[in-house]
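Visitor: structure, please.
(one chain, ligands or ions: 1)
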Amino acid sequence: MSFTENFNSSAKFFVEQLAQESGHEFQSIAEKVLNHERISVEDGIKVIKSNDLPVIGQIANFVRQRKAYEVALRKGFDEAVALEHTKTVWWNTNLHLNPTNICIASCDFCAFAKKPKDPDAYTMSNEDAVERVKTARDEGATEVHIVGGLNPKCLIDYYADLIRAIKKEVPGIHVKAFTAVEIDFFKKFEKNMSYEEIFDRLIEAGLDSMPGGGAEIFSRAVRDEMCPDKIPADKWAEIHYIAHSKGLKTNATMLAGIGEEPEERVDHLDILRKAQDKSLAANNPNEGSFQTFIPLSCHYEGNDLLERGVKPLTGQDQIKNIIVSRLMLDNFDHIKAYWIQLGPKTAQVALNMGSNDLDGTVKAERITFAAGSKKRSMAEEQLINIVEGARLISKERDTLYNPIELSLHRV
Ligand code: V47
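Guide: Take a look at the predicted model:
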């Protein structure tokens with residue numbers, strides 16, 4: 001029996017109806033979605049430019065439900081569990097660790113980075129960083145998410161030692177670390193090492209997966225204006241491809257609200273969709289590929305973007321970024337509503353508009369906090385309340401989306 005025969009939801013009925021409404025502006029997108037056909041870049045632009053949230057939100061909600069069902073079956077769960085996953089929102093218990101804020105890059109939106117002589121500049125010692133991970137583990141963390149500034153004093157030796165020390169003291173923790181921008185930075189100082197060798201070294205030290213930062217907006221024009229030092233889209237994608245070939249799961253992000261046009265957001269998603277096609281076709285060990293997409297929303301304290309006339313995202317824009325990413329990224333299993341940047345209430349709305357993940361407890365977020373976010377950590381009960389308030393089922397996961405009760409990383 002097919003998913004659509006077996007699965008009932010108002011989102012499914014809505015999309016089926018819409019697919020028959022000849023003349024409706026979203027009829028052909030509904031038809032494509034029902035038939036598992038990929039929507040085009042032009043379709044994505046139509047969605048992102050629409051203000052009809054109830055319609056596009058229901059289509060994305062249907063896609064979220066169907067994707068959850070298919071992913072569950074692919075992972076070997078039975079039909080009953082797959083149906084439960086159509087109503088499930090995942091979250092994890094995690095720690096964000098930023099070992100250094102010293103950064104030689106100059107990204108106009110970033111309020112976290114400091115120059116070496118800045119009184120607020122810091123670099124953590126190995127012992128200090130490990131202590132933070134130990135404390136987080138004692139509080140239930142299954143993951144440490146490590147990213148830092150581009151600091152010429154914190155290169156591959158510093159980080160390999162750090163990961164090794166973390167794994168020695170806290171063996172059960174999953175280490176998700178380094179953006180593609182950092183991997184490229186390490187390589188610049190290791191002239192004789194290839195990206196492959198950089199990954200081999202870090203994996204040997206204990207690297208388990210990679211986060212999705214540093215993608216910003218792939219558009220060359222916006223990159224040149226906002227973050228000229230950052231590696232271009234093809235390099236970012238190449239580094240993730242190599243990580244995938246090593247059997248790592250990685251994530252991908254898009255930072256919106258930095259002066260880009262809606263079309264440039266859809267192009268960004270198209271680049272990611274093609275990159276994922278390439279990795280999936282490669283049949284990598286451990287299904288090395290992208291796992292989750294996270295639409296980010298720029299915050300403006302500590303930068304001058306608003307003074308320069310950049311238009312901040314509205315709540316509607318934020319939800320549309322969730323919707324369009326769920327519709328465009330048909331080959332990504334998960335779309336994250338990153339509550340730190342959306343705020344708990346918008347994140348809650350996103351859960352019935354395409355997202356199936358909230359990120360986690362996070363504990364000590366610094367990057368968005370430096371730019372003005374109000375909260376940098378959340379208790380598990382609050383995460384559960386957000387999910388249940390959206391009338392969905394809350395489930396704790398590990399980094400690789402194993403339900404916590406089945407996870408090797410369980411505390
Ligand atoms: O790469 C920088 C962005 C990213 C600002 O992979 C800003 O699971 C908002 O990548 N306002 C870091 N955003 C965060 C990130 C992330 C977060 C959660 C989960 C995952 C994951 C990844 O934050 C940076 C940059 O794109 N950023 N400055 C700012 N002012």
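Visitor: what about stretch 108-122, start to end distance?
Guide: End-to-end distance of stretch 108-122 (Cα to Cα, to the nearest Å): 20 Å.
Visitor: cool, and stretch 292-302?
Guide: Per Cα to Cα, the first residue of stretch 292-302 is 29 Å away from its last.
Visitor: can you tell me if it touches the ligand.
Guide: Yes - judged by Cβ under 6 Å from any ligand atom, stretch 292-302 comes into contact with the ligand at Ile294, Leu296, Cys298, His299. From N, CA and C alone the C-beta is placed, and that goes for glycine too.
Visitor: enumerate every residue touching the closest residue to the ligand within the stretch 301-411 of the chain.
Guide: With distances taken as Cβ to the nearest ligand atom, the stretch 301-411 of the chain approaches the ligand most closely at Ala371, which sits 3.3 Å away. Listed by Cβ atoms under 8 Å, 6 or more residues apart in numbering, the contact partners of Ala371 are Phe109, Cys110, Ala111, Phe112, Cys298, His299, Tyr300, Glu301, Gly302, Asn303.
Visitor: in CSV: the residues of stretch 292-302 next to the ligand, plus secondary structure, pLDDT and distance to Met124.
Guide: Listed next are those as CSV, based on DSSP: H, G, I helix; E, B strand; the rest coil; pLDDT from 0 to 100; distance: Cβ to Cβ, whole Å:
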residue, secondary structure, pLDDT, distance to Met124
Ile294, strand, 98, 25
Leu296, strand, 98, 24
Cys298, coil, 98, 26
His299, coil, 97, 24
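Visitor: circling back to that earlier point, dump the contacts of Ala371 to TSV, plus distance to Leu400.
Guide: Formatted as TSV, the entries for the contacts of Ala371 read as follows, by distance: Cβ to Cβ, whole Å:
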residue	distance to Leu400
Phe109	30
Cys110	29
Ala111	31
Phe112	27
Cys298	29
His299	29
Tyr300	34
Glu301	34
Gly302	34
Asn303	34
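Visitor: among those residues, which ones are buried?
Guide: Neighbour-count burial (16 or more other Cβ atoms under 10 Å) is assigned, among the contacts of Ala371, to Phe109, Cys110, Ala111, Phe112, Cys298, His299, Tyr300, Asn303.
Visitor: for the chain, what lies in contact range of the ligand?
Guide: Selection of the chain residues close to the ligand by Cβ under 6 Å from any ligand atom yields 109-111, 179, 211-214, 216, 251, 253, 255, 294, 296, 298-299, 303, 338, 341, 359, 367-368, 371.
Visitor: mind checking which of the residues you listed are in helices?
Guide: Residues of these located in helices (DSSP state H): Gln341, Ile367, Thr368.
Visitor: do I have it right that His145 meets Asn94?
Guide: Yes - between His145 and Asn94 there is a contact at 5.8 Å, judged by Cβ atoms under 8 Å.
Visitor: any regions of the stretch 1-150 of the chain where pLDDT drops low?
Guide: When residues are selected by pLDDT under 70, those of the stretch 1-150 of the chain lie in 1-5.
Visitor: can you show me the helices along the stretch 51-200 of the chain?
Guide: Residue ranges of the helices in the stretch 51-200 of the chain, as given by DSSP state H, counting those that start in this stretch, are 53-74, 79-85, 126-138, 156-169, 180-189, 195-205.
Visitor: for Phe290, which of those is the nearest?
Guide: When the helices of the stretch 51-200 of the chain are compared for distance to Phe290 using Cβ to Cβ, the nearest one is helix 180-189, at 11.9 Å.
Visitor: name the residues of that closest one that are buried.
Guide: Along helix 180-189, the positions that meet the burial threshold by neighbour count (16+ other Cβ under 10 Å) are Ala180, Val181, Glu182, Ile183, Asp184, Phe185, Phe186, Lys187.
Visitor: so what's the residue count around the nearest residue to the first one once chain neighbours are set aside?
Guide: If you skip the residues right next to it in sequence, Ala180 has Ile239 as its closest partner in space, 3.8 Å away by Cβ to Cβ, 6 or more residues apart in numbering. Ile239: 25 surrounding residues under other Cβ atoms under 10 Å.
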